[in-house]
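>>> 3D, please:
(2 chains)
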Amino acid sequence: MNKLLKASVLGAVAATFVGGAALADDATLGIRSEPSSVDPYFHNLGPNNAMLGQIFGRLIDWSPDMGTLIPRLATSWKPINDTTWEFKLRKGVKFHDGSDFTADDFVFSFKRADGYVGGNSSFRTYTKGKTVKKIDDYTIHISTKTPYPLMPNDMTSVMVMSSEVKGTGQPDKNFGIRAKDFNNGKAAIGTGPYKFVEWKKGDRMVLVKYDGYKGPLAQPWDKMTFKFIKSEPARVSALLAGDVDMIDNVPVTDIETLKKNPNVSLSQGVSNRVIYVHMDQFRDNSPFVTDKAGNPLSKNPLRDPNVRKALSMMINRDAIVEKVMEGVALKAGQLLPEGFFGRSSKLQPEAYNPTKAKQMLKDAGWGDGFALTIHGPNDRYINDDKICEAIGQMLSANGIPTKVSTMPKNVFFKRASKGGKDGQPEFSFFLVGWGSGTGEPSSPLKSLLVTRDKSKGFGASNRGRHSNPKVDALVVEALSTVDDAKRGQLLAQATEAGIGESQGIIPLHYQVNTWATRKGLKYNARADERTVGLDLLKE
Amino acid sequence: MTVFIIRRLMQAAVVVFFMSLLVFSGVYLIGDPVEMLVADDADEYDREMVIKNLGLDQPFYIQYWRFLSAALQGNLGESFVFEEPALLLILDRMPATFELAVCALLIAVVLGIPLGMWAGLRPDSMASKTIMSSSILGFSLPTFWVGIMMIMLFAVHLGWLPSTGRGPTQDLFGVEVSFLTWKGISYVILPAVNLSLFKLSMVIRLSRAGTREVIHQDYIKFARAKGVSRSRIVLVHVLKNIMIPVVTVLGLEFGGLVAFSVVTETVFAWPGMGLLLIDSIGFLDRPVIVAYLMIIVLLFVFINLAVDVMYSVLDPRVRLQDVKG
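Coordinates of the predicted model:
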């Protein structure tokens, strides 16, 4: 029996070895989330953007740390006047079907993205209010009504497809090209370094190297197979069993064990996602703020910035990072971690200071304290439910008895956005996260801290309804300041006003993401949280 | 019998109707699919476009009426996430789940009946006691945990079998199947065993109980007195008679295997209907959730009916009629 077992193990090891050698240039990646379409404008969703960016090119790409913009289909870009940006396009680029990439393809793609009918969440966020004009085959102008500094950032989102693709639907809808035409590969023709091969829903997506690729990106693999493995232990064991070369979203609890495993390497990187607490600042009588006996209060303490600041001081961020996140997070004092554009150099993570916090509460007239309920999702962010529990304990220990209530994200977000009376946010004190897709703080400022204004598109996720005229003015000014240095300053000032002065939200920490590869490989941890085969490299 | 079948089909229609209402309103109440679908930085205007596009701006009764009238024409709606017909998405995944369920059923029968009969024929032997106590484990250990343990042992430590996913598939009469190659089979083994454990334990218990009962019947005693060989008694007279309850229960349980393969499919990333359901619940993809549950209801109704009809064919003493209160 023992002999047989040994022989089998040796056999299996040998088989793995031989298999590994033969498939040296094929990579299999075990990823948590499956894209919802191969149509590049169907759904503005993380997994789609990560996967499809390898097939379809964009004008500009972020470097993995989101620190610099990489020229991809555009070779250079500059503002030529207050309201117009000029993009020079790369020459000699060919689509996967052999046709040339020219300005026409970009104009076509832009129009299809901008006017997309159906789909779930459109790329109109990046195309609205912009007019594209072809100057010659390799020059385009994009203009806006008012000065618009974020043009290059927006162009890291819109993908480019071939204008020669023929669809099968009605010509008036999305140029007659349906999402289905992409999903079966017919219309999935881009300029990216990898070609689409197949997508078996729920199982895998396969891409192969495009030999005619011209551009700045490396093509480390001949073939990439993305396997969708939702369950966390299954993803980890797939890596340990050698069935995949790499996995994303490594569960925090497994990180220590994997570190000790000689056959596994870990890559970690801080992300553009801040985890923070929203506070109800628009109701006089907030449903989940009560006195200590549980009776409603006549006044809502969370409307007082000093109370909000005091609560922030009662949260021990070091303990959260060390104990709850097992060291895999960076404590936060603003909207983006170090290295990002437009950060404030003044704002530091709030230090844990319960004595001062209690004094501040007393000065604000809340010396007797009050009771809270903290709400949060339990399946959206890393350890989200445990963070809520930790905060609940910290506040309770400091004279604010706090109940904790967490729920699945599909229930949580509806209630957090419009579960209350008259479609208002339901909760009083709740945990959420925000990843800045533009790589600078204007996106979270605009959505979370600027006064809600539907007509201007401000404050869409301002679920605490924070309002500070100073922040509003600074953000509006920043959004029309093309000069980078000046805009950076304005954004930093806006953050200082919104968080430092009026404590519109309580930042807790920046999420750090973990990828694991088999020994001999390395993943360039991406700040945008994407898992991209191009960033999986041989050591 | 025709009247019986017609009446049962009408009852089925009523059950399906109430099921759809229940599921539709349940999912309607739970959450907001738009919150799950749109990008964080979409503004109010874009959100409203999506809401309108999905028809979620209408009051509940209009949404339900639209769904119902389309469903009566065989259209169960388009998935919010994929914008493809929900029914097709599910049917596309069905072969994978059926393959898994059939394999699990086969394992349960092929292993369960001999083991159960052994335990029934020699109730006091050590082997029988081991079999029976193992069957208790099969009942009580959670599928999820057992699945992970099996992956750790057979895929990670021993490296015998792949840990996750479905192997290469071949086309068999227009259906994608994976059991035609050894590689394909190697992917089926772990999830199928995992899914079968519960049924296996049940078959063991049923066969044992059946054997214990049948072995004391007069016809067995008579056969022994007549000098019929022991193997013939066990393989023909006992086996045939214990098969009736086993077949009945397994028939009914097959629906359960299909419907509740969710856990196994999640643990093994098996691309079947269960995995689709879990993903759809995550996104609150209402058309897919409703369509899935309606298909499962139909499946159960159909299996129950088939079992009743077969019963009357197999056992002439059974008459098909409604129980009159």
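>>> give me phi/psi at residue 40?
This is for chain A. Its backbone dihedrals place residue A:40 at phi -70, psi -10, with angles given as degrees, to the nearest 10.
>>> that answer is for a different chain, and I need it for chain B
In this entry, residue B:40 is assigned phi and psi values of phi -60, psi -40 (degrees, to the nearest 10).
>>> right, and it touches residue A:434 too?
Yes - in this structure, residue B:40 is within contact of residue A:434 by CB atoms under 8 Å, at 6.4 Å. No exception for glycine: its C-beta is placed from N, CA and C like everyone else's.
>>> find the residues that touch each one of the two.
Here residue B:40 and residue A:434 have A:447, A:461 as joint contacts, going by CB atoms under 8 Å, 6 or more residues apart in numbering or on different chains.
>>> next SSE after the lengthiest helix in chain B?
Ranked by residue count, the top helix of chain B under DSSP state H comes out as helix B:86-121. Following the chain from helix B:86-121 toward its C-terminal end, the next helix or strand by DSSP states H and E is helix B:126-140.
>>> now the element after that next one, going C-ward?
helix B:143-150.
>>> is that next one in proximity to chain A?
Yes - for a cut-off given as CB under 8 Å from any CB of the partner chain, helix B:143-150 has contacts with chain A, namely residue B:148.
>>> partners of the helix or strand following that helix in the sheet?
Scanning forward in sequence from helix B:143-150 by DSSP H and E, the next helix or strand is strand B:170-172. Sheet pairing here is set by DSSP bridges, and for strand B:170-172 it gives strand B:175-177 (antiparallel).
>>> distance between the partner strand and the chain's centre?
For strand B:175-177, the distance from its own C-alpha centre to the chain's C-alpha centre is 18 Å (CA atoms, centre = their mean, to the nearest Å).
>>> can you name the next helix or strand after it?
Toward the C-terminus, strand B:175-177 is succeeded by helix B:182-214 as the next helix or strand (DSSP H and E).
>>> in chain A, which residue is most central in space?
Against the mean C-alpha coordinate of chain A, by CA atoms, centre = their mean, the closest residue is residue A:435 at 4.0 Å.
>>> what's the closest non-adjacent residue to that residue?
Counting by CB to CB, 6 or more residues apart in numbering or on different chains, the nearest residue to residue A:435 once its immediate chain neighbours are dropped is residue A:273, at 3.9 Å.
>>> same question for the helix or strand hosting that neighbour, mean pLDDT?
Here residue A:273 sits within strand A:264-279, counting by DSSP H and E. Averaged across strand A:264-279, pLDDT comes to 93.
>>> and what of stretch B:255-265?
85.
>>> which ones are touching the closest residue in space to residue A:353 that isn't next to it in sequence?
Nearest residue to residue A:353, sequence neighbours excluded (CB to CB, 6+ apart): residue A:313, at 4.7 Å. Shown here is residue A:313, whose contacts under the criterion CB under 8 Å, 6+ apart are A:350-354, A:356-357, A:360.
>>> now those: which count as buried?
By neighbour count, with 16 or more other CB atoms under 10 Å in any protein chain shown, the contacts of residue A:313 hold A:350, A:352, A:354, A:357, A:360 as buried.
>>> the first one contacts residue A:316, doesn't it?
No - contact status for residue A:350 versus residue A:316: not in contact, 9.9 Å apart, counting by CB under 8 Å.
>>> tell me the confidence at residue 287?
Picking chain A for this. Residue A:287 is assigned a predicted lDDT (pLDDT) of 91.
>>> could you do chain B instead?
At residue B:287 the predicted local distance difference test score is 89.
>>> again, but for residue B:141
With respect to pLDDT, residue B:141 has a value of 88.
>>> how near is it to residue B:264?
Applying CB to CB, to the nearest Å, one obtains 13 Å for the distance of residue B:141 from residue B:264.
>>> give me the low-pLDDT residue ranges for the stretch 151-300 of chain B?
For the stretch 151-300 of chain B, not a single residue meets the criterion pLDDT under 70.
>>> show me which residues of it sit near chain A.
Contacts of the stretch 151-300 of chain B with chain A, taken as CB under 8 Å from any CB, map to B:151-152, B:155-156, B:158-160, B:162-166, B:266-269, B:271-272, B:275-276, B:278-279, B:281-284.
>>> 6 Å instead?
For the stretch 151-300 of chain B, the contact set with chain A under CB under 6 Å from any CB of the partner chain comprises B:151, B:155-156, B:159, B:162-166, B:266-267, B:269, B:271, B:275-276, B:284.
>>> quick check, nearest of the residues you listed to residue A:469?
Distance to residue A:469 across these (CB to CB) is lowest for residue B:284, with 37.1 Å.
>>> for residue B:219, pull up the helix or strand it's in.
Under the assignment given by DSSP H and E, the secondary-structure element containing residue B:219 is helix B:218-226.
>>> would you mark the buried spots in that helix?
For helix B:218-226, burial by neighbour count (16+ other CB under 10 Å) applies to B:220, B:223.
>>> tell me what angle that helix forms with helix B:182-214.
Comparing the axes of helix B:218-226 and helix B:182-214 via axes from the mean of the first three to the mean of the last three CA atoms, to 10 degrees yields an angle of 90 degrees.
>>> so which bits of the stretch 1-150 of chain B are right by chain A?
With CB under 6 Å from any CB as the criterion, the stretch 1-150 of chain B meets chain A at residues B:30-32, B:35-39, B:41-44, B:46, B:53, B:81-83, B:148.
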